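# Kindly generate the corresponding structure for this input.
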Amino acid sequence: MLKKIAVGCANFGNTYGLDSIKIKKNELIKIFDFCNENKINFFDTADVYKNSYSELKKNKFNIKVDTKVFLDDDWKNYEHCKKHLLKIKESLGFKYIDTLYIHNPKFLINNSSKKLLSSLSRLKKEGLFKKTGISIYTYDSLYSDLKKFKFDVVQCPFNVFDQRLVNHGHLNKLKKMNIKVHVRSIFLQGILLNENLKKKKKLRQFSKQLNHYFDYIKSKNINPLDFCLNYVINVKKIDKYIFGINSKKHLMEIKNFKVNKNYKYSMFDYSHKINLLDPGLW
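Got it, this is the predicted structure:
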């Protein structure tokens, strides 16, 4: 499992999430050391994760970076694309970029999108990154995008509440298309682990679902981390698991989670409640 882990970097250089956590510099060093010792080589970041590139630059080990970029009309210009990607690589200390994700796939309906993807394809061939990916929250336009453009990777949410990837057949369909699948939001910004977060004002609208969830795992004496991890880890066709963490301790807990294939999850499938599944709508 450790070989499939990527560490999410949203809170490496800035506050992030409902807890507004920013990882302290001495804790980042411990995280980097732990990852190196356990051969966790992938880190997932984005242009919008403020200061995350400069923090990753301080990682002295041989790592691979996946990053997400927001597109606009300027990206149809090859020179603009190259300049931006070289700036990213410089900010990272010229670390290896494995997957370059498009962070705003809705832009692909833009008239300039074909020219834009052509520029990225050229830069991919030139070795600035290895794979082209698309990062999604919904599957609404995914397959039409995949018909028009060549993507190597789809990054999508997948957790106890958001079971669309498997239950709606998307995983099998993507694998048949020879597309790698990377999953994120495994803890849904921590609300599946921390019962105290349900008191947050923006989450009160979901009190029914959250109370049901925590009442169940407490009644069964289940560790919420084990419950969440067993749901995603037991799906073997997934190529990478992206975990947002706050400390080395969180990584240790993920490494040492207890395998249990007997947990029941169907009662928590809220795939129809997009306003619950997408933190941007909270």
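
# all helices of this protein, in order?
Ranges of helices in the chain, per DSSP state H, are 25-37, 52-57, 78-91, 113-125, 142-148, 164-167, 170-176, 207-219, 224-233, 248-255, 274-277.

# And the second one, what does it pack against?
Pointing back at helix 52-57 there. strand 42-46, helix 78-91 (3 or more C-beta pairs under 8 Å, 6 or more residues apart in numbering; DSSP states H and E). Every residue, glycine included, has its C-beta placed from N, CA and C.

# hmm, back to that, so which of the helices of the chain gets nearest Thr67?
Between Thr67 and these, the tightest spacing by C-beta to C-beta is seen for helix 78-91, at 6.4 Å.

# what about that closest one, average pLDDT?
Model confidence over helix 78-91, given as mean pLDDT, is 96.

# what helices or strands is that helix leaning on?
Checked by 3+ C-beta pairs under 8 Å, 6+ apart, helix 78-91 has helix 52-57, strand 64-69, strand 96-102, helix 113-125 packed alongside it.

# Give the residue farthest from the middle of this structure.
Ser219 (30.3 Å; C-alpha atoms, centre = their mean).

# could I get the helices and strands packed on helix 78-91 as a markdown table with mean neighbour count, mean pLDDT and distance to Trp282?
Listed next are the helices and strands packed on helix 78-91 as a markdown table, based on neighbours: other C-beta atoms under 10 Å; pLDDT from 0 to 100; distance: least, C-beta to C-beta, whole Å:
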| stretch | mean neighbour count | mean pLDDT | distance to Trp282 |
| --- | --- | --- | --- |
| helix 52-57 | 20 | 96 | 22 |
| strand 64-69 | 22 | 97 | 20 |
| strand 96-102 | 22 | 97 | 22 |
| helix 113-125 | 17 | 91 | 29 |
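
# Among these, single out whichever gets nearest to His84.
strand 64-69 (7.2 Å).

# Who is the most centrally placed residue in the chain paired with across the strands?
The chain has Arg184 as the residue nearest its centroid, 3.3 Å off, counting by C-alpha atoms, centre = their mean. On the basis of DSSP bridges, Arg184 is bridged to Pro157.
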